[in-house]
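below are the sequence and a predicted model for it; my questions follow.
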Amino acid sequence: MNKLIDRLYLDNYLDKPDLLNLLNNMNTENEVYLLKRAHETRLKVYGDKVFLRGLIEFTSYCKQNCLYCGLRSANQKAQRYRLSIDEILSVCGQADKLGYKTIVLQGGEDNYYDDEKIIDIITRIKADFPKTAITLSIGEKSYESYKSYFDAGADRYLLRHETATPDFYEKFHFKLNFENRKRCLEDLKKIGYQVGAGFMVGLPGQTKEHLVEDVHFLKELEAHMVGIGPFIPHKDTPLNDKKAGSTNLTLIMLALTRMFLPKVLLPTTTALGTVDGCGYEKGLKAGANVIMPVLTPNNVRNKYALYDGKISIGNKVSENKNYIIEKIENAGFTVSLSRGDNIDWRK
């Protein structure tokens, strides 16, 4: 298996049969070697820098009904909230004082925030903080909507593809289909965004074949950013009794993604930090180079519950930042508060 890993390290590619062979026959020794090669790959491209993005979860309303998500529309127990534009700008001001140069605006697919409101939010953030990059993560939209956000000043868009196997995708996503999700990602690339996709590890029924399709989809898309985290069940969803995804397999998928896409911006996720107390550090050592500390106001932070047990550090955004910086430095990496753009991207 180490020969396959070396080939992947050199070529940044394995065909589907070889990748499946690697996943099916991975042992502890191979896993250690894979993570070592992924770490070497990230050092060649980005050095030891870890980029911080401030995450603002601005609405917990969602019109979609995905089986795994605590914010699904059918969950009557979900606590709903919306941040006003002034509240969002207030958090951006705190983030700016702490040195953040990227803000991620994430929320459910909430029709209250129509294009006019989203454009107003983007425009006002850019007016007050012109050197700050804006990342949106607000779901499926039309080409015209995506273009209007980009023209208003949005820089990046995160839209996890979730799974690249159409029938498996539709099993978990009520009234959604993979072809439209793919269309959205292709539209975002055409417009000129830095585009992020990604998937969960350990969804009930997920196979190694599904994971192979995910990695090859990301390679074909040439994603600028990729979010990968373990599935974690939520008590008020139909998947409440299912087992969480494993740390080890999540690390393997992070490492493989880094080697298939050497220039990718790859977060070590809050979900990974939730299932494993050392998850942030382990993700960084597996090739990840981004962390997104949560800046959501403390009075609503726990209401943004995609899954159970989400870690939350301190009452102030500065406490969360300091906690993350300590994690990064203890793992032997250097914090970067720059915009941290994908090195191939130019707007």
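Structure received. Note that this is a predicted model, so its numbers are computed, not measured. Residues are numbered from 1 along each chain as shown.

CA atoms for contacts and neighbours, from now on please.
Fine.

which residues in the stretch 201-347 of the chain form strands?
For the stretch 201-347 of the chain, the strands defined by DSSP state E, counting those that start in this stretch cover 225-230, 290-291, 334-336.

can you put these in CSV and add mean pLDDT and distance to L8?
Output for the strands of the stretch 201-347 of the chain, formatted as CSV (pLDDT from 0 to 100; distance: least, Cα to Cα, whole Å):
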stretch, mean pLDDT, distance to L8
strand 225-230, 97, 18
strand 290-291, 96, 22
strand 334-336, 96, 27
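
now these in TSV, with mean neighbour count and distance to T237?
Below are these laid out as TSV (neighbours: other Cα atoms under 10 Å; distance: least, Cα to Cα, whole Å):
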stretch	mean neighbour count	distance to T237
strand 225-230	25	16
strand 290-291	24	27
strand 334-336	17	37
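
wait, which of these is closest to S137?
strand 225-230 (11.6 Å; Cα to Cα).

pull the closest one out as PDB, backbone CA atoms only.
Extracted in PDB, the C-alpha atoms of strand 225-230 (Å, rounded to 0.1, in the frame of the first residue of the first chain):
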ATOM      1  CA  MET A 225     -11.700  24.600  -0.500                       C
ATOM      2  CA  VAL A 226     -13.000  21.300   0.900                       C
ATOM      3  CA  GLY A 227     -14.800  20.700   4.200                       C
ATOM      4  CA  ILE A 228     -14.600  17.100   5.600                       C
ATOM      5  CA  GLY A 229     -15.900  16.100   9.000                       C
ATOM      6  CA  PRO A 230     -17.400  13.000  10.700                       C
END
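
can you list contacts of it?
Outside strand 225-230, the residues that touch it by Cα atoms under 8 Å, 6 or more residues apart in numbering are 158, 160, 194-202, 218, 244-247, 250, 253-254, 264-272, 275, 342.

narrow those residues to just the buried residues.
Using 16 or more other Cα atoms under 10 Å as the burial test, those include 158, 160, 194-202, 218, 244-247, 250, 253-254, 264-272, 275, 342 as buried.

inside helices: which ones of those?
Per DSSP state H, helices hold the following members of the buried ones among the contacts of strand 225-230: L218, T247, T250, M253, L254, T270, A271, L272, V275.

all helices of the chain, in order?
In the chain, the helices defined using DSSP H lie at 2-11, 16-24, 28-46, 85-97, 115-128, 143-152, 166-172, 178-191, 208-221, 247-260, 270-275, 279-285, 298-301, 317-330.

for the ones you listed, give me a markdown table that also has mean pLDDT and distance to P233.
What follows is the helices of the chain, written out as a markdown table (pLDDT from 0 to 100; distance: least, Cα to Cα, whole Å):
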| stretch | mean pLDDT | distance to P233 |
| --- | --- | --- |
| helix 2-11 | 96 | 32 |
| helix 16-24 | 98 | 24 |
| helix 28-46 | 97 | 26 |
| helix 85-97 | 96 | 29 |
| helix 115-128 | 98 | 30 |
| helix 143-152 | 98 | 31 |
| helix 166-172 | 96 | 13 |
| helix 178-191 | 97 | 22 |
| helix 208-221 | 98 | 19 |
| helix 247-260 | 98 | 15 |
| helix 270-275 | 91 | 11 |
| helix 279-285 | 95 | 17 |
| helix 298-301 | 90 | 18 |
| helix 317-330 | 83 | 24 |
